[in-house]
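J.: Model the following, please.
(2 chains)
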Amino acid sequence: GENVEQHPSTLSVQEGDSAVIKCTYSDSASNYFPWYKQELGKRPQLIIDIRSNVGEKKDQRIAVTLNKTAKHFSLHITETQPEDSAVYFCAASHHNAGNMLTFGGGTRLMVKP
Amino acid sequence: DTEVTQTPKHLVMGMTNKKSLKCEQHMGHRAMYWYKQKAKKPPELMFVYSYEKLSINESVPSRFSPECPNSSLLNLHLHALQPEDSALYLCASSQDLGGRTQYFGPGTRLLVL
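T.: Residues are numbered from 1 along each chain as shown, chains lettered A, B, ... in the order given. Here you go, the predicted structure:
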């Protein structure tokens, strides 16, 4: 089955700096890669996703890049703000596996004001 | 409306109790999921229902029993749980199983005494 690894497990940045979180996956058939943000005590919320026919996607301060050959994808947050502090999960799935998401271990991002 | 609702928000139960968790979505989604999330860990898939067909994570013990009364509702029946089953139980839904975005409910925080 699919295995997703995520690094780093914790990340501390100064407000205004950029943050990068990286994930690798094992199943070359995976074709859908969402990123979820989970604040303490809250539900995971989708912040951005990318499909395997696209190499990069951007939404305001958030971008995701995908390298299918190397089987890794990354989340980039620019101009970080204290409200970006949360746990971020990457995930991978492919429709042949019934849309079952395999999550990475999570990254706790702390943005210091 | 991209909302998935869950009841109750919190539940405390003894090991001999029988209880049920409820999940509802009105987005016309045809796939619904149950996840278990322990503290500081990613969500783990337990069950998937799509078009009234159930898929199971084979590692889920039989003391957890899902039920899908219709395409908008998903229940999780609990019986004879163990303290290690204490966790946040998240419901999610997606349009279908074809690599679609999953939207999570707020979760039920379960404590088994």
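J.: so where's chain B shaky on pLDDT?
T.: When residues are selected by pLDDT under 70, those of chain B lie in B:1-2, B:99.
J.: swap in chain A?
T.: For chain A, the stretches with pLDDT under 70 are A:95-98.
J.: Kindly state the beta-bridge partners for the residue in it that chain B sits nearest to.
T.: At 3.5 Å from chain B, A:F103 is the closest residue in chain A, using C-beta to the nearest C-beta. C-beta here means a position set from N, CA and C on the backbone, and glycine is covered the same way. Beta-bridge partners recorded for A:F103 (DSSP bridges): A:A91.
J.: Show me which positions of stretch B:30-41 end up buried.
T.: Buried residues in stretch B:30-41, defined by neighbour count with 16 or more other C-beta atoms under 10 Å in any protein chain shown: B:R30, B:A31, B:M32, B:Y33, B:W34, B:Y35, B:K36, B:Q37.
J.: now, which of these sits nearest chain A?
T.: Closest to chain A, out of all of these and judged by C-beta to the nearest C-beta, is B:A31, at 6.4 Å.
J.: now that closest one: how far from A:V111?
T.: B:A31 sits 34 Å away from A:V111, taking C-beta to C-beta, to the nearest Å as the criterion.
J.: now swap in A:Q60 and tell me
T.: Taking C-beta to C-beta as the measure, A:Q60 falls 16 Å from A:V111.
J.: Of those two, which one has the most company?
T.: The residue with more neighbours, out of A:Q60 and A:V111, is A:V111; 20 against 9, by other C-beta atoms under 10 Å in any protein chain shown.
J.: wait, isn't the more buried one in contact with A:D84?
T.: Yes - contact criterion C-beta atoms under 8 Å: A:V111 and A:D84 qualify, at 5.1 Å.
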